[in-house]
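>>> Coordinates for the following, if possible.
(chains A, B, C, D, E and F)
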Number of protein chains: 4
Amino acid sequence: MPTQTFFNLPEQKRQAIIDIAVDEFAEHDYKSVSISRIVDRAGIAKGSFYQYFADKKDLHLYLLQVAGEAKLQMLSQLQPPPARSFFDTYRWMMSAAIQFEVAHPKLSRLGYRAMYGDLPHRDETYARMKQQGHEYMKSTFQQAIDRGELDPLVDPDMAAFVFTVISAEMGGYLFDRLGINPLQTPENRPTWNLEIQPIFDQLIYILEKGMGPKA
Amino acid sequence: MPTQTFFNLPEQKRQAIIDIAVDEFAEHDYKSVSISRIVDRAGIAKGSFYQYFADKKDLHLYLLQVAGEAKLQMLSQLQPPPARSFFDTYRWMMSAAIQFEVAHPKLSRLGYRAMYGDLPHRDETYARMKQQGHEYMKSTFQQAIDRGELDPLVDPDMAAFVFTVISAEMGGYLFDRLGINPLQTPENRPTWNLEIQPIFDQLIYILEKGMGPKA
Amino acid sequence: MPTQTFFNLPEQKRQAIIDIAVDEFAEHDYKSVSISRIVDRAGIAKGSFYQYFADKKDLHLYLLQVAGEAKLQMLSQLQPPPARSFFDTYRWMMSAAIQFEVAHPKLSRLGYRAMYGDLPHRDETYARMKQQGHEYMKSTFQQAIDRGELDPLVDPDMAAFVFTVISAEMGGYLFDRLGINPLQTPENRPTWNLEIQPIFDQLIYILEKGMGPKA
Amino acid sequence: MPTQTFFNLPEQKRQAIIDIAVDEFAEHDYKSVSISRIVDRAGIAKGSFYQYFADKKDLHLYLLQVAGEAKLQMLSQLQPPPARSFFDTYRWMMSAAIQFEVAHPKLSRLGYRAMYGDLPHRDETYARMKQQGHEYMKSTFQQAIDRGELDPLVDPDMAAFVFTVISAEMGGYLFDRLGINPLQTPENRPTWNLEIQPIFDQLIYILEKGMGPKA
DNA sequence: GATGAATGAGGATTCATTCAT
DNA sequence: TATGAATGAATCCTCATTCAT
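Below is the predicted model of the structure:
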């Protein structure tokens, strides 16, 4: 946890430090993140950094918490639809996950690295994140199957895998497909309904009905 | 490219160096790979290393090439089935990709890191690897659609994305699901037909028929 | 010298700062003493510290002065015996020195470090502490010899050395021998008469009569 | 243990590094010794240092070993006298210890710091040095008492303490008394017989016959 | 061609001290 | 007067790379 000193910082400065640090941890894996680079970019002294954070790991864990909170906040803002069928819920969940990716690509990448990258303190908190996420998805699918909203022949474990892995990479794919530079200003970002929704529908189509000929 | 000196090395020694280097680049991200560790494990002198390779990047690019060649070779060894339908071909392709993951987990991981990891020389060669793979898959899907083997409502670009990203992570998923430690000896590896094939079929089912109720 | 501000502090707070600082300088050598640790333990602000003391050295010199005054005060409280012989005086002096060690182990250790430890400002004041102490002892021995209370064949300079060095280390030896943890509460401390006196008598015996066989 | 690389160094260079390092560890306590200062003085690169020694502790332990070996070698060169009485042996032992102090004041100071100073890795090897040395001395005294060569009223534990502590500080005392700068060239060093022997005899006199009047 | 010692910039972290509030 | 955030030089240590043998 950051020190109180950090939280006493002017909002703007504190956020700037977070943003820069998030960017570094999004773009480089843990070992490659350089505290020197962060303080240089943030325009603060090396010593100041260590008055805000105990060490590199402290910063990293805090950023992961920030990412988690941002995700929760976004989910809580999105109204879940009246769930008529699983794919309504699925579409909503996926859309939420992907909207997060689009809205906070750095935070998303951060979490992704924490799950799959090289992490000296992996065990400490975040290996289980992976497992937990998977188990949650699996049970969600199982329930949908039990309610008859999904094909009972579908393996819930495999479905959870497919969902998880696609969500994790969806942001990058959307950026590629829409020709967006993730570093550009938010004003130029695509709007959900007009540009992303159709692409997303294509994904849902594949996942719902499959790629096979319908004949 | 390695120097001629490297290729003049006795086959056994050369292969040992490659194997060890592949292992290092599979287990650690670029920056964390230590030349010192490699030369130590390989039992060669630091100086010798730099007579074989211009630098760390040279070694890395060479290993990626080795990985590509190994993948090609495996594909060329596997007989494609008489393609009655796209999913026969798809199953074959995916099985080939996954078999490569299983047969050469290190090489596979290497390529994965090159695509998604933290690479100082990313642009130099490997952004296009990603793009190339994607374009190839996309045209494959397009052709299958044109031949009527796939649902024409499926977006080939999205299909290529789904395929690519699932392939990339399939190895890790299989290891998790089968409770395999990727570092263990090959003898204990699951055999394709008995253990992996059923899991793979579950994936194909989802991709072919979708998760939706079939009613 | 501390600032007037420091002396204006409430007695209790001032003493607490001194006690904590003494403890730090007793337990760590000069360079390892951390101002941060002191202010943390004392519950005062970093800035406050520098309003009380010019710098680390200022604090250290002040503590040495405090230690000196404490020693003097203890000596003045102990009634010197009617000096029938030198060894009565000697025993009294040594007992006083050792009682100080036992009563104020931290202050004692502080002085010891100042004499023998690694001190950036050694020359400034404390080389002469050593010399002064030695000269004082030497003249004391000389007078005792002149009064016929000591063997005139004894070299007073050497005697002063032996006395000084033994006194300096006696505290640690007593702790070892009595199995005492110097950090424990004073209540459990051995009482002078019952436990320390016999040990001390053994020392006096050696110094007075020597180790040689008495034939 | 230093690496083979270190031992492959030209004798002169290796000895220079040792000498400088010994000097640093003699003059400063462990934490205050600066690797940067050592490599600067030795004229070698920081990286080179770490090719010779694993880390600071490795260097320190090696220097302690060097000191121990130097002591042993000096003892083995000195012929023990035909031991007519304990004080012949004692004189020889003490003279050996003190000669070592005089010949290798830095090495001696090194060992002293290891015994009594702040040492992060104290337990690792050197706390027991203190105990061992004390126990060895104690049993030596006990045997002498048993043989009737020492006054049986002398407490062997206290005698061991007196001997140990005096030996440890004798070097510094001799330097002071003889007005020697320990940093000066060896040519100006006092010769044992002419200058040191008389001083040493004064010590022996005190320890053998005591300071008390012989009446 | 092989070797391995030498290099020095860069890594994270600590800490005495200053200064604006 | 009290505060505590800011500072930056110094700490130990790592590592890719070079070069003389």
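
>>> what secondary structure does A:Pro82 sit in?
Following DSSP: H, G, I helix; E, B strand; the rest coil, A:Pro82 is assigned to coil.

>>> From chain C, how far off is it?
57 Å (Cβ to the nearest Cβ, to the nearest Å). Placement of C-beta: from N, CA and C, glycine included.

>>> Excluding covalently adjacent residues, which one is nearest to that residue?
Spatial nearest neighbour of A:Pro82, excluding adjacent residues (Cβ to Cβ, 6 or more residues apart in numbering or on different chains): A:Asp88 at 7.7 Å.

>>> what's the pLDDT at that neighbour?
Per-residue confidence (pLDDT) for A:Asp88: 81.

>>> One more: A:Arg189?
On pLDDT, A:Arg189 comes in at 63.

>>> count of neighbours near the residue nearest to A:Pro82?
Close neighbours of A:Asp88, defined as other Cβ atoms under 10 Å in any protein chain shown, add up to 15.

>>> And the pLDDT at A:Arg122?
Looking at A:Arg122, its pLDDT is 78.

>>> And the residue nearest to A:Pro82, how far from A:Leu203?
Using Cβ to Cβ, to the nearest Å, A:Asp88 is found at 15 Å from A:Leu203.

>>> A:Ile166 against B:Val162, yeah?
Yes - contact criterion Cβ atoms under 8 Å: A:Ile166 and B:Val162 qualify, at 6.4 Å.

>>> The two - which one has more neighbours?
B:Val162 (27 against 21).

>>> Now do the same for the helix or strand where the more buried one lies: mean pLDDT, whole number.
Here B:Val162 is covered by helix B:156-178, with elements defined by DSSP states H and E. Helix B:156-178 shows a mean pLDDT of 85 in the predicted model.

>>> Could you identify the helix or strand that succeeds it?
helix B:197-209.

>>> list the helices and strands that following helix packs on?
Applying 3 or more Cβ pairs under 8 Å, 6 or more residues apart in numbering or on different chains; DSSP states H and E, one finds that helix B:197-209 contacts helix A:156-178, helix A:197-209, helix B:86-103, helix B:156-178.

>>> for these, which one sits closest to DNA strand F?
Among the helices and strands packed on helix B:197-209, helix B:156-178 comes nearest to DNA strand F, with 25.0 Å by Cβ to the nearest atom of the strand.

>>> And the closest one, how far out from the chain middle?
Distance, stretch centre to chain centre, for helix B:156-178: 11 Å (Cα atoms, centre = their mean, to the nearest Å).

>>> Alpha carbons only: can I get it in CSV?
This file holds the C-alpha atoms of helix B:156-178, laid out as CSV (Å, rounded to 0.1, in the frame of the first residue of the first chain):
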residue,chain,number,x,y,z
PRO,B,156,-13.5,-13.9,-41.6
ASP,B,157,-11.5,-11.3,-39.8
MET,B,158,-13.2,-12.1,-36.4
ALA,B,159,-12.9,-15.8,-37.1
ALA,B,160,-9.2,-15.4,-37.7
PHE,B,161,-8.8,-13.5,-34.5
VAL,B,162,-10.7,-16.1,-32.5
PHE,B,163,-8.6,-18.9,-34.0
THR,B,164,-5.3,-17.1,-33.5
VAL,B,165,-5.8,-16.1,-29.9
ILE,B,166,-7.1,-19.5,-28.9
SER,B,167,-4.3,-21.3,-30.5
ALA,B,168,-1.8,-19.1,-28.8
GLU,B,169,-3.1,-19.9,-25.4
MET,B,170,-4.3,-23.5,-26.0
GLY,B,171,-1.0,-25.0,-24.9
GLY,B,172,-1.1,-23.4,-21.5
TYR,B,173,-4.7,-24.3,-21.0
LEU,B,174,-4.1,-27.9,-21.9
PHE,B,175,-1.3,-28.0,-19.4
ASP,B,176,-3.5,-26.5,-16.7
ARG,B,177,-6.4,-28.8,-17.5
LEU,B,178,-4.3,-32.0,-17.7
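
>>> Give the other helices and strands that it contacts.
Secondary elements touching helix B:156-178 (3+ Cβ pairs under 8 Å, 6+ apart): helix A:156-178, helix A:197-209, helix B:86-103, helix B:105-116, helix B:122-146, helix B:197-209.

>>> Mind listing what's buried along that helix?
Buried residues in helix B:156-178, counted by 16 or more other Cβ atoms under 10 Å in any protein chain shown: B:156-175.

>>> Okay, A:Gly68 and chain D: tell me how far apart.
38 Å.

>>> How about that residue, nearest residue that isn't a chain neighbour?
A:Gly111 (7.6 Å).

>>> repeat for A:Tyr205
B:Leu153 (6.4 Å).

>>> Which part of chain A gets nearest to DNA strand F, residue-wise?
For chain A and DNA strand F, the shortest gap (Cβ to the nearest atom of the strand) falls at A:Gly47, measuring 1.6 Å.

>>> Pop out the phi and psi values for that residue.
When read as degrees, to the nearest 10, the backbone of A:Gly47 gives phi -60, psi -30.

>>> What is the burial count for it?
Residues near A:Gly47, counting by other Cβ under 10 Å, number 8.

>>> And A:Asp40, by the same measure?
12.

>>> Model confidence at it, what's the number?
Note on A:Asp40: pLDDT of 95.

>>> element containing it?
helix A:35-42.

>>> wouldn't A:Tyr52 be in contact with A:Gln4 here?
No - contact between A:Tyr52 and A:Gln4 fails when scored by Cβ under 8 Å: they sit 9.7 Å apart.

>>> So for the two, which sits in the more crowded spot?
A:Tyr52 (22 against 8).

>>> and the closest residue to the more buried one other than its chain neighbours, what element?
The shortest distance from A:Tyr52 to any non-neighbouring residue, by Cβ to Cβ, 6+ apart, is to A:Phe6 (3.8 Å). Counting by DSSP H and E, the element that carries A:Phe6 is helix A:4-8.

>>> Do me a favour and average the pLDDT over the helix or strand following that helix.
Counting by DSSP H and E, the next helix or strand C-terminal to helix A:4-8 is helix A:11-27. Averaging pLDDT along helix A:11-27 gives 94.

>>> touching DNA strand E at all, helix A:11-27?
No - Helix A:11-27 does not reach DNA strand E (Cβ under 7 Å from any atom of the strand); its nearest approach is 9.2 Å.

>>> Please see if that helix touches chain B.
Yes - applying Cβ under 8 Å from any Cβ of the partner chain, one finds helix A:11-27 in contact with chain B at A:Glu27.

>>> which residues touch that helix?
With contacts defined as Cβ atoms under 8 Å, 6 or more residues apart in numbering or on different chains, helix A:11-27 is touched by A:6-7, A:9, A:33-34, A:37-38, A:41-42, A:44, A:52, A:59-60, A:63, A:66-67, A:105-107, A:109-110, A:113, B:118.

>>> and the direction of it versus that of helix A:35-42, what angle?
Here the directions of helix A:11-27 and helix A:35-42 differ by 140 degrees (axes from the mean of the first three to the mean of the last three Cα atoms, to 10 degrees).

>>> list the buried ones in helix A:11-27?
With burial defined by 16+ other Cβ under 10 Å, the residues of helix A:11-27 counted as buried are A:16-18, A:20-27.
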